[in-house]
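A.B. asks: mind folding the following:
(one chain, ligands or ions: 1)
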Amino acid sequence: MSEPVWKHDTVLLQEAVEALNVQQAGVYVDGTYGRGGHSALILEKLGVGGRLVVIDKDPVAVSHARGLYQHDPRVFVWHGSFRDFPLALAEAGVNGKIQGLLLDLGVSSPQLDDAARGFSFMREGQLDMRMDMSSGESAAQWLARAGETEIADVLWRYGEERFSRQIAREIVRDRMQHRLETTLQLANLIAGVVRKREPGKHPATRSFQAIRIKVNQELDDVEECLHKSVGSLAPGGRLAVISFHSLEDRIVKHFLRDVSTPPRLPKGLPVMQETIQPPMKTLGKSVRPSAVEVEANARARSAIMRVGERT
Ligand SMILES: C[S@@+](CC[C@H](N)C(=O)[O-])C[C@H]1O[C@@H](n2cnc3c(N)ncnc32)[C@H](O)[C@@H]1O
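C.D. replies: Predicted coordinates:
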């Protein structure tokens with residue numbers, strides 16, 4: 001696969017790596033390698049005895065990491081979903097607990113900028129949207145077979161699209177005449193339905209987000225990974241998650257709240273409520289990029305990071 005020329009500006013670079021509190025001999029997982037901005041800074045702080053397991057669903061990201069780190073014995077590169085990170089750790093030969101897990105969610109700039117990946121409603125390309133093009137169903141395949149109600153539900157649930165029903169109806173009507181195969185075909189169809197535009201937002205923004213989340217099972221991956229992190233982090237180990245929309249952030253926020261709250265015990269048990277420690281604690285407040293970062297990188301605008309620590 002040829003090396004793409006597009007680059008990715010890492011969001012909350014210093015903040016996220018600081019949040020991990022990298023120990024020289026620690027074991028870390030970067031579950032969303034992308035183009036490796038966070039991984040590179042983690043490696044700067046990691047000593048010779050440390051390990052970094054990098055994961056990405058995207059074969060292009062994985063070959064970037066393999067090319068860069070083939071001679072670094074600290075790095076193990078794994079192709080797959082971060083929801084299976086314990087499997088990656090086992091394959092890397094890591095038996096114990098880890099000191100940190102980082103997730104920088106969503107898509108990378110190279111994925112958005114490469115029209116052929118089908119993520120962008122601004123660029124003509126095949127309607128694919130899979131982070132892992134080697135498996136699963138593309139957006140075009142899903143839109144060709146899903147029922148009208150299913151499409152409407154996805155647009156509403158994952159895109160909070162007010163015109164979900166009308167868009168779904170139009171997709172189903174349209175596909176009876178010809179195949180819906182390209183990004184601009186879909187974007188134009190949506191633009192024809194969504195009459196009242198939100199200022200500064202393309203009418204297809206919400207639908208593209210929703211279909212991308214559905215095709216890549218993004219929210220299920222996050223839920224599962226977060227729950228597995230509790231069993232994998234060593235005491236003092238850190239979990240840092242950067243989200244880019246409210247659906248992801250809500251999952252992270254609720255997860256951290258739930259694992260940081262001591263379980264309520266029935267009255268009368270011979271154990272003091274105060275002695276029951278929850279498995280994690282939330283560290284500080286949520287972190288947003290500085291005005292300087294947002295000025296330099298518009299994609300950072302909606303980022304929010306939350307950090308937890310294993311107790
Ligand atoms: C925002 S980018 C990460 C950028 C990276 N931190 C950097 O500095 O270059 C998100 C990356 O995570 C990957 N990704 C998203 N969801 C994933 C999942 N469930 N499992 C593995 N990789 C995932 C995407 O393919 C993409 O490459």
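
A.B. asks: show me where the stretch 101-250 of the chain has strands.
C.D. replies: Assigned strands in the stretch 101-250 of the chain, in chain order: 233-243 (criterion: DSSP state E, counting those that start in this stretch).

A.B. asks: quick one: name the residues of it near the ligand.
C.D. replies: Residues of the stretch 101-250 of the chain lying near the ligand by C-beta under 6 Å from any ligand atom: 104, 106, 107, 108, 131, 221. C-beta: built from backbone N, CA, C; applies to glycine.

A.B. asks: just flag the most distant two among these.
C.D. replies: Taking C-beta to C-beta, the two most distant members of those are 108 and 221; they sit 15.5 Å apart.

A.B. asks: ok, those two, which is more surrounded?
C.D. replies: Per other C-beta atoms under 10 Å, whichever of residue 108 and residue 221 has more neighbours is residue 108, with 26 against 20.

A.B. asks: number of nearby residues for residue 140?
C.D. replies: Using other C-beta under 10 Å, residue 140 is surrounded by 22 other residues.

A.B. asks: surely it and residue 146 touch.
C.D. replies: No - Residue 140 is not in contact with residue 146 according to C-beta atoms under 8 Å; the separation is 11.2 Å.

A.B. asks: find the residues that touch each one of the two.
C.D. replies: With contacts taken as C-beta atoms under 8 Å, 6 or more residues apart in numbering, not a single residue reaches both residue 140 and residue 146.

A.B. asks: list the contacts of stretch 187-195.
C.D. replies: For stretch 187-195, the surrounding residues in contact (C-beta under 8 Å, 6+ apart) are 121-122, 163, 166-167, 170-171, 174, 180, 202-204, 207-208.

A.B. asks: at 7 Å instead, please
C.D. replies: 121, 163, 166, 167, 170, 171, 174, 203, 204, 207 (C-beta atoms under 7 Å, 6 or more residues apart in numbering).

A.B. asks: tell me the contacts of the fourth one?
C.D. replies: Residue 167 is in contact with 155, 161, 190, 193, 207, counting by C-beta under 7 Å, 6+ apart.

A.B. asks: what about the nearest residue to residue 120 once chain neighbours are set aside, how many neighbours?
C.D. replies: Nearest in space to residue 120, with sequence neighbours left out and distances taken as C-beta to C-beta, 6 or more residues apart in numbering, is residue 112 at 5.3 Å. Counted with other C-beta under 10 Å, the neighbours of residue 112 add up to 17.

A.B. asks: now swap in residue 174 and tell me
C.D. replies: As a measure of burial, residue 174 has 16 neighbours, counting by other C-beta under 10 Å.

A.B. asks: and what of residue 296?
C.D. replies: If you count neighbours by other C-beta under 10 Å, residue 296 ends up with 11.

A.B. asks: identify the residue spatially nearest to it, adjacent ones excluded.
C.D. replies: Counting by C-beta to C-beta, 6+ apart, residue 296 lies nearest to residue 9, which is 7.4 Å off, once chain neighbours are set aside.

A.B. asks: residue 297 is in contact with the one you found, correct?
C.D. replies: Yes - under the contact definition of C-beta atoms under 7 Å, residue 9 touches residue 297, with a separation of 4.4 Å.

A.B. asks: assign a three-state SS to the residue sitting furthest away from the middle of the chain, would you?
C.D. replies: Of all residues in the chain, residue 268 has its C-alpha farthest from the mean position, at 43.5 Å, by C-alpha atoms, centre = their mean. For residue 268, the secondary structure call by DSSP: H, G, I helix; E, B strand; the rest coil comes out as coil.

A.B. asks: point out where the stretch 201-311 of the chain drops to low pLDDT.
C.D. replies: With pLDDT under 70 as the threshold, the stretch 201-311 of the chain has low-confidence stretches at 270-275.

A.B. asks: in it, what residue lies closest to the ligand?
C.D. replies: At 3.6 Å from the ligand, residue 221 is the closest residue in the stretch 201-311 of the chain, using C-beta to the nearest ligand atom.

A.B. asks: list the contacts of that residue.
C.D. replies: With contact taken as C-beta under 7 Å, 6+ apart, residue 221 is in contact with 81, 82, 83.

A.B. asks: number of residues surrounding the second one?
C.D. replies: This means residue 82. The criterion is other C-beta under 10 Å. On that basis, residue 82 has 26 neighbouring residues.

A.B. asks: then residue 87?
C.D. replies: A count of neighbours around residue 87, defined by other C-beta under 10 Å, yields 13.

A.B. asks: could you confirm it falls within a helix?
C.D. replies: Yes - counting by three-state DSSP, residue 87 is found in a helix.

A.B. asks: and the helices in this protein?
C.D. replies: Secondary structure of the chain, counting by DSSP state H: helices at 13-20, 37-45, 59-69, 85-91, 109-113, 139-145, 148-159, 164-175, 183-193, 205-216, 218-232, 246-260, 291-296.
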